[in-house]
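**Student:** Could you work out the structure for the sequence below:
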Amino acid sequence: MASKSKNNCARLTGVAVPLGALYTMGSPVIGEYTSLKPFADFCKTAGLGVIQLLPVNDTGTQSSPYSGLSAFALHPIYADISNIAGFKKTYDENKDFKKSYEAFIKNFPYKSRFSYQEILNAKTELLKQIYETTAVAKKSEPDKKLAEWIEKNPWVVEYSVYKNLKWNYMQASWKSWKKSDQLLSQKEILKRWDDEKLKKEHLFYAWMQFNLSEQFLSASEYVKELGIILKGDMPIMMNEDSCDAWAHPEFFNHNLRAGSPSDGENPCGQNWGFPTYNWKNLKKEKYSWWKNRLLSASKYYGAYRLDHILGFFRIWAIPERDSTALLGHAEPYESFTREELNELGFDDSRIRWLSQPHVKTDDIDYFTWNKEKSHEILSLICSQLGDEELWLFKNEISGDKDIYELDLSKQCEKETADKIKQKLAEYWNNRTLIEIEKDKFIPVWTFNQSFAWSTLSYEEKEKLEKLFAEKNEIQNEKWAKQADDILKNFTETVSMCPCGEDLGVNLECVPDVMKKNNILGLNVVRWTRDWGKNGQPYIPFEDYRNLSVTTTSVHDSSTIRQWWQDENESAYLFAKTNQEFFYDVATEDNFLTDAAEEKLKNFTPQIAEDVLKAASKTNSLWFVNPIQDYLYMDIKYWLPESKDERINIPGEVTDFNWTYRMPCPVEDLKKNKDLINKIKAISEMHDGGR
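**Tutor:** Okay, here's the model as predicted:
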């Protein structure tokens, strides 16, 4: 029996796994909704109380589960075709379908990575073949069950209309459709849904979603009956090409893109390409879109993870025409006025110097060796500042994409043109202030690295830094107020246990707001360190936040095996810090002996077990680890290369990402008593620990 904490919540140990990774005898091609049942049986036997999934919403042609095509629709790739209503009858009576289904099973045997697009295409075709045999398709009219389901899930109307349009446009982004199809009102969407000529096509998507929901609901209820909490994942952003962004443009800022500011690993920041939310409009509607999203998820889940919870406090918003995140800004923000800058001694020309890049002709001459040619090139996108050899970007230039798209074929060769455009883009991003609104300014995130900043006197810098600090305090209050309002509405709408992905967050207001709303934070063992102290020591497990989830790895990181092999310094420090759990490793005065160091170089099942045992001491309420990290306790489940056991490598768009599969069927795991006992012992250490 799991003990209760001071928060009156049970301490639980769990496992994180992408649904597609599940491998059962009945799902050799890809993990499916029905695969959760045998996996839950294994988890129950192993003493695990939480199963955490990656998002399972429809992502269309994108394999990333965080690139949602719909906030509500389930992904058809996880459909168990053999359990769709009408499958047996179609299989027995339709030779073409029987042939197609058997070819599907034959052509997609188990592999360590699944073929996303090929499997999706094949399953969609099989679903269409079954649909054609139904009374719904033949009559172009929903039966009683489907009609009732549609009434309870009104989102499926716009989703069906959107998916049918997308099919007709060969999956192209809705922003490239005819204008008449891009900008449909809710009334026009409903009219199109009711169009008798299109009814059969629209009902296919509704019928499909009804069947997917039935499968997932059956599996989730089975998990719940076993006393296990199924934890879902809610991506904070929606794809620009999503049904929601198309049907509800009022809830999104289509002229801005979400991302993150510059940091050590990402000097240009990150531009995720997703539109930001229009929280003002969402609040007017009492966050109904988000609430409905949570209510829809609560049918299946007992807990949910809010991805990038910092985004509810403030999102890093990037102008649509910028490719980097350098000129992004926090939303909401607190600006200062031209008048305030004037009062600090900065006249209008000085403000222009700080807020607008001044391009030097000489820097373009370096590539052209011809001042006349340089003037010709610069005049395309810049205006000369009087008689000076300085240029300001024209008002119509709204981002570095405008610079990169500049046609210089008449002025110079491609190689030279590319270098010139790169230089101009560097100028574009090199400024101290952003004029965010007319006569209102904010500092650039990297303001102290700008050329204009370097020309200021010590007194001028001091004045500006004081102003920035004052505005930042006001911003922090705004962020805390916004997040508290949003998250309070979320947590009061559903009874699911809320968790927040707060990795790398350094805003002072975040922990207090999360605690106030009873939201569990996240601690990744290898990154939970006191980074400000000498040697950056690991924070003792007993000092972890109680209201949190501890994990050994996440989907965007390496597994503990690859961490141990490739990040030796970090891993060895962990071993020294937690040496009481490394019984077979001799240490002297907190330093590894030569023999011990040599032993630690080779990752072993024992080390995997020791790491999990050490981390199970965490004060966190929940201890949830990836399936790979548990499987490392038995060497027969290892792949030849640890890198192949990763789920995702951030920054790369490849067929490898998001297509991981377990190395053995769940049925085999259920027979592995030794592994089950090891997992159970770890679970008991954590759950009964405090």
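**Student:** those strands in the stretch 401-550 of the chain, which residues are they?
**Tutor:** Ranges of strands within the stretch 401-550 of the chain are 433-437, 440-443, 497-500, 521-524, 548-551, based on DSSP state E, counting those that start in this stretch.
**Student:** try the stretch 251-400 of the chain
**Tutor:** Here the stretch 251-400 of the chain has its strands, by DSSP E, counting those that start in this stretch, at 252-260, 270-277, 303-306, 315-319, 329-331, 336-337, 359-360, 382-384, 390-393.
**Student:** of those, which approaches residue 24 most closely?
**Tutor:** For the strands of the stretch 251-400 of the chain, the distance to residue 24 is smallest for strand 303-306, at 23.5 Å, taking C-beta to C-beta. The way it works is simple: take the backbone N, C-alpha and C, and place the C-beta from them, glycine included.
**Student:** Pairing partners for the closest one, with directions?
**Tutor:** strand 229-234 (parallel), strand 497-500 (parallel) (DSSP bridges).
**Student:** could the ones you listed go into JSON lines alongside distance to residue 251?
**Tutor:** Conversion of those to JSON lines gives the following (distance: least, C-beta to C-beta, whole Å):
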{"stretch": "strand 229-234", "distance to residue 251": "15"}
{"stretch": "strand 497-500", "distance to residue 251": "21"}
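**Student:** Please identify the most buried of those.
**Tutor:** Of the strands paired with strand 303-306, the one with the most neighbours on average (mean count of other C-beta atoms under 10 Å) is strand 497-500, at a mean of 24.
**Student:** Quick check: which ranges of this protein have low pLDDT?
**Tutor:** Residues of the chain meeting the criterion pLDDT under 70: 1-9, 581-593, 595-596, 689-690.
**Student:** just to revisit the earlier point, dump the strands of the stretch 401-550 of the chain to CSV, plus distance to residue 211.
**Tutor:** What follows is those, written out as CSV (distance: least, C-beta to C-beta, whole Å):
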stretch, distance to residue 211
strand 433-437, 48
strand 440-443, 50
strand 497-500, 28
strand 521-524, 34
strand 548-551, 33
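**Student:** Highest mean neighbour count out of the ones you listed?
**Tutor:** When you average the neighbours per residue for each of the strands of the stretch 401-550 of the chain (mean count of other C-beta under 10 Å), strand 548-551 leads with a mean of 26.
**Student:** what distance separates that strand from the centre of its chain?
**Tutor:** In terms of C-alpha atoms, centre = their mean, to the nearest Å, the gap separating the centre of strand 548-551 from the centre of its chain is 18 Å.
**Student:** Neighbouring strands - and their directions - for that strand?
**Tutor:** According to DSSP bridges, the neighbouring strands of strand 548-551, each with its direction, are strand 521-524 (parallel), strand 622-626 (parallel).
**Student:** So for residue 354, which of these sits nearest?
**Tutor:** strand 521-524 (37.9 Å).
**Student:** residues making contact with the closest one?
**Tutor:** Applying C-beta atoms under 8 Å, 6 or more residues apart in numbering, the external contacts of strand 521-524 come out as 499-503, 511, 514, 544-545, 547-554, 557, 618, 620.
**Student:** can we see that at 7 Å?
**Tutor:** The list of residues contacting strand 521-524 from outside it, by C-beta atoms under 7 Å, 6 or more residues apart in numbering, reads 500-503, 514, 544-545, 547-551, 554, 557, 620.
**Student:** likewise stretch 376-383?
**Tutor:** Defining contact as C-beta under 7 Å, 6+ apart, one finds that stretch 376-383 is touched by 359, 361, 364, 391-394, 397, 403, 406, 408, 411, 420.
**Student:** Just give me the closest of those to residue 564.
**Tutor:** When those are compared against residue 564 (criterion: C-beta to C-beta), the nearest one is residue 403, at 44.7 Å.
**Student:** burial count for the closest one?
**Tutor:** Summarising burial for residue 403: neighbours were counted as other C-beta atoms under 10 Å, giving 22.
**Student:** before we move on, the earlier item: I'd like the strands paired with strand 548-551 laid out as a markdown table, including distance to residue 53.
**Tutor:** Listed next are those as a markdown table, based on distance: least, C-beta to C-beta, whole Å:
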| stretch | distance to residue 53 |
| --- | --- |
| strand 521-524 | 16 |
| strand 622-626 | 11 |
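**Student:** about what we covered before: what about the strands of the stretch 401-550 of the chain, which gets the closest to residue 177?
**Tutor:** Each of those was checked against residue 177 via C-beta to C-beta, and the shortest separation belongs to strand 433-437, namely 31.8 Å.
**Student:** how much distance is there from that closest one to the middle of the chain?
**Tutor:** Taking the mean C-alpha point of strand 433-437 and that of its whole chain, the gap between them comes to 29 Å (C-alpha atoms, centre = their mean).
**Student:** Tell me which strands that strand pairs with, and in which orientation.
**Tutor:** As defined by DSSP bridges, the strand partners of strand 433-437 come to strand 440-443 (antiparallel).
**Student:** Tell me the buried residues in stretch 33-49?
**Tutor:** Within stretch 33-49, the residues scored as buried using 16 or more other C-beta atoms under 10 Å are 33-43, 45-49.
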